[in-house]
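*Asks:* Build me a model from this:
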Amino acid sequence: SAKAAVTEEATTIVTEDNANGDIAGYIVMQMNIGVDIISTVLENTEKPVLYTLMPYGGDGMWVQRTAKHIRAGQKNFEYMPAVDFQYVVKVATAFSKLNGGSTEDVIKAAHEIRLQLTPSACKAQKREDKLTILSPEETLKKMNGMKILSVEYPFSDDYRQKVKEAFGVDIIVVSLDEVNSETGKVDDAKARQLADAWKKGADSIKDASDDTIFNAARLYYAMKDLLKKNGAQAITINCLGGVYTKKLCAYPCLGFMQLQDEGLLGICENDVDSTLTMMAFNIMTGRMGYVSDPVMDAPTRSIIYTHCVSTRKLLGQDGPTLPYEIMSHSEDRDGASVRATVPIGYPLTTLKFNADRKIMAVHTGTVTGNSRDDRACRTKIIAEVNGDYEKLYQQWDEFIWHRVTFFGDFAKEAVALAEKIGYEVRWEC
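*Replies:* Numbering: from 1, shown residues only. Sure, this is the predicted structure:
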């Protein structure tokens with residue numbers, strides 16, 4: 001076995017293997033969201049390559065690279081996403097075909113084993129869910145004139161115009177320095193009161209100090225003041241960049257939770273496409289969405305939707321308040337984030353606009369559980385997905401890796417809205 005942290009190391013490994021002639025094939029495991037090792041391996045060998053990943057490690061990169069190589073028709077490429085590694089081992093038994101067989105034989109066998117291990121249909125039991133849904137016309141009418149604050153990202157005039165034409169929504173760019181300045185104006189006593197309320201309401205607090213939670217409350221009030229000052233209904237922040245450069249006093253996860261509980265939108269990682277998606281379908285359904293990264297698990301035909309923030313009101317502001325825990329942020333085990341526990345059995349609709357290309361992704365599923373794995377993002381909603389699971393691998397990268405998941409089945413109405421504004425609809429499964 002060998003490890004590669006940069007593409008040059010991967011090139012060296014495969015080049016030396018080619019010279020020695022003693023390697024029959026490769027199992028490439030994506031362990032983080034960094035370097036594109038799989039493409040380097042495939043560019044330098046014609047031997048069979050099985051692509052897998054460390055669960056909750058390199059999932060976002062994995063789904064993008066897998067889609068790329070499927071569409072490229074890579075002949076020596078097969079893949080297997082599984083939380084339980086024993087299933088990857090089962091697919092890897094296909095390498096036994098090299099005894100007298102060819103690369104094509106190995107890939108064919110691996111493909112067949114993966115399909116055998118993937119359930120053919122969704123079996124999750126759904127509970128009854130009453131949902132009031134606005135028409136596309138009513139939804140777009142309410143969106144018209146709304147504003148999104150985008151913290152520190154230089155959008156092109158062309159992108160802004162496309163958003164304005166489709167949705168009637170304006171994007172206002174705000175700097176991290178402005179957020180920082182607004183944070184300095186927050187009344188400390190008010191922030192401490194909110195921090196105490198968060199702590200009192202949490203089922204548990206792990207690795208998040210009182211000062212950290214207090215600073216998150218200060219940031220919440222700064223974000224809310226900026227929304228009011230600009231007449232905006234949504235804010236999305238380059239949170240990781242802001243924390244790593246120390247331009248933000250805290251991660252905004254708890255503040256986003258509070259904003260969403262109140263019916264305002266706080267969205268991670270300066271993702272305006274996800275913010276538009278959240279805005280549109282929050283208006284249509286009266287429910288807040290959940291922005292997440294995907295973890296594929298083929299043996300359960302599931303996606304585990306993961307992120308470090310969630311509203312406590314996923315079933316609407318008049319619905320129950322979800323139990324939650326306050327924990328450190330996943331990436332650096334610092335700051336404060338949210339782990340919510342969601343109810344099982346609800347139907348889900350997952351979507352994402354790509355405003356630049358005028359397309360919308362959609363798939364549906366059913367909640368089957370909550371993962372408590374300590375790796376990666378804190379909230380992890382497990383859902384069995386409907387439709388053709390194979391399609392999930394083929395185009396995820398066209399919308400980056402975030403998706404927005406809502407409780408409720410309203411895919412038909414969402415598609416009608418997309419068609420109303422001239423967007424192409426991409427059913428992901």
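
*Asks:* correct me, but residue 88 touches residue 82?
*Replies:* Yes: using C-beta atoms under 8 Å, residue 88 is in contact with residue 82, at 5.4 Å. In this view, the C-beta of every residue, glycine as well, is placed from N, C-alpha and C.

*Asks:* Now the common contact residues for those two.
*Replies:* Shared contacts of residue 88 and residue 82 (C-beta atoms under 8 Å, 6 or more residues apart in numbering): residue 52.

*Asks:* what's in contact with the helix or strand where residue 104 lies?
*Replies:* Counting by DSSP states H and E, the element that carries residue 104 is helix 103-117. For helix 103-117, contacts defined as C-beta under 8 Å, 6+ apart pick out 25, 46-48, 50, 75-80, 82, 87, 90-95, 97-98, 298-299, 390.

*Asks:* any idea of the mean pLDDT in that helix?
*Replies:* Averaged across helix 103-117, pLDDT comes to 96.

*Asks:* on that earlier part again, among the contacts of helix 103-117, name the buried ones.
*Replies:* By neighbour count, with 16 or more other C-beta atoms under 10 Å, the contacts of helix 103-117 hold 25, 47-48, 50, 76-80, 82, 87, 90-92, 94-95, 97, 298-299 as buried.

*Asks:* taking the residues you listed one by one, which sit in helices?
*Replies:* Counting by DSSP state H, the buried ones among the contacts of helix 103-117 place 87, 90-92 in helices.

*Asks:* ok, of those, which one's closest to residue 152?
*Replies:* Checking these against residue 152 by C-beta to C-beta gives residue 87 as the nearest, at 41.3 Å.

*Asks:* Check the gap between that closest one and residue 267 for me.
*Replies:* Going from residue 87 to residue 267 by C-beta to C-beta, to the nearest Å gives 34 Å.

*Asks:* what do you get for residue 242?
*Replies:* In terms of C-beta to C-beta, residue 242 sits 14 Å off from residue 267.

*Asks:* So for those two, which sits in the more crowded spot?
*Replies:* Taking neighbours as other C-beta atoms under 10 Å, residue 242 and residue 267 compare with residue 267 leading, 30 against 22.

*Asks:* Can you tell me how far that one is from residue 289?
*Replies:* 9 Å.

*Asks:* again, but for residue 385
*Replies:* 17 Å.

*Asks:* Which of these two has more residues huddled nearby?
*Replies:* Taking neighbours as other C-beta under 10 Å, residue 385 and residue 289 compare with residue 289 leading, 28 against 23.

*Asks:* Please give the element, helix or strand, for the nearest residue in space to the more buried one that is not next to it in sequence.
*Replies:* In this structure, residue 289 finds its nearest non-sequential neighbour in residue 404, 4.2 Å apart by C-beta to C-beta, 6 or more residues apart in numbering. Secondary structure from DSSP H and E places residue 404 in strand 403-407.

*Asks:* Kindly spell out which helices and strands sit in contact with the very next helix or strand once past that strand.
*Replies:* Note on strand 403-407: by DSSP H and E, the next helix or strand toward the C-terminus is helix 411-420. Judged by 3 or more C-beta pairs under 8 Å, 6 or more residues apart in numbering; DSSP states H and E, helix 411-420 is in contact with helix 136-143, helix 272-285, strand 347-354, strand 359-370, strand 424-427.

*Asks:* Export the ones you listed to CSV and append columns for distance to residue 118 and mean pLDDT.
*Replies:* Below are these laid out as CSV (distance: least, C-beta to C-beta, whole Å; pLDDT from 0 to 100):
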stretch, distance to residue 118, mean pLDDT
helix 136-143, 34, 98
helix 272-285, 28, 98
strand 347-354, 19, 98
strand 359-370, 15, 97
strand 424-427, 18, 98
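
*Asks:* would TSV of the ones you listed with mean neighbour count and distance to residue 6 be doable?
*Replies:* Listed next are the helices and strands packed on helix 411-420 as TSV, based on neighbours: other C-beta atoms under 10 Å; distance: least, C-beta to C-beta, whole Å:
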stretch	mean neighbour count	distance to residue 6
helix 136-143	17	44
helix 272-285	25	30
strand 347-354	25	30
strand 359-370	21	31
strand 424-427	15	33
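
*Asks:* can the ones you listed go into a markdown table with extra columns for distance to residue 213?
*Replies:* Formatted as a markdown table, these follow (distance: least, C-beta to C-beta, whole Å):
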| stretch | distance to residue 213 |
| --- | --- |
| helix 136-143 | 34 |
| helix 272-285 | 25 |
| strand 347-354 | 30 |
| strand 359-370 | 22 |
| strand 424-427 | 40 |
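
*Asks:* Now do the worst-scoring helix or strand of the chain on mean pLDDT: distance to the chain's middle.
*Replies:* None of the helices or strands of the chain scores lower by mean pLDDT, DSSP states H and E than helix 239-244, at a mean of 86. Distance, stretch centre to chain centre, for helix 239-244: 17 Å (C-alpha atoms, centre = their mean, to the nearest Å).

*Asks:* Which residues outside it are in contact with it?
*Replies:* Here helix 239-244 has contacts from 151-152, 176, 179, 247-248, 250-253, 268-270, 331, 334-335, using C-beta under 8 Å, 6+ apart.

*Asks:* Now do the buried residues in it.
*Replies:* 239-243.

*Asks:* which secondary structure elements does the helix or strand following that helix contact?
*Replies:* The C-terminal neighbour of helix 239-244 among helices and strands, as given by DSSP H and E, is helix 253-261. Here helix 253-261 touches helix 188-201, helix 210-230, strand 265-267, strand 324-329, strand 334-340, going by 3+ C-beta pairs under 8 Å, 6+ apart.

*Asks:* Pass me the low-pLDDT residue ranges in this structure, would you?
*Replies:* Of all residues in the chain, none has pLDDT under 70.

*Asks:* any idea how far the residue most central in space within it lies from residue 397?
*Replies:* The residue lying closest to the centre of the chain (C-alpha atoms, centre = their mean) is residue 293, at 2.0 Å. Noted for residue 293: a distance of 13 Å to residue 397, by C-beta to C-beta.

*Asks:* What of residue 409?
*Replies:* 26 Å.

*Asks:* Farthest from the middle of the chain: give me that residue.
*Replies:* Max radial position in the chain (C-alpha atoms, centre = their mean) goes to residue 100, at 42.7 Å.

*Asks:* Am I right that that one is in a helix?
*Replies:* No: Residue 100 is assigned coil when assessed by DSSP: H, G, I helix; E, B strand; the rest coil, not a helix.

*Asks:* List the contacts of residue 4.
*Replies:* 10, 13, 35, 37, 40.

*Asks:* how about a cut-off of 6 Å?
*Replies:* Counting by C-beta atoms under 6 Å, 6 or more residues apart in numbering, residue 4 touches 10, 37.
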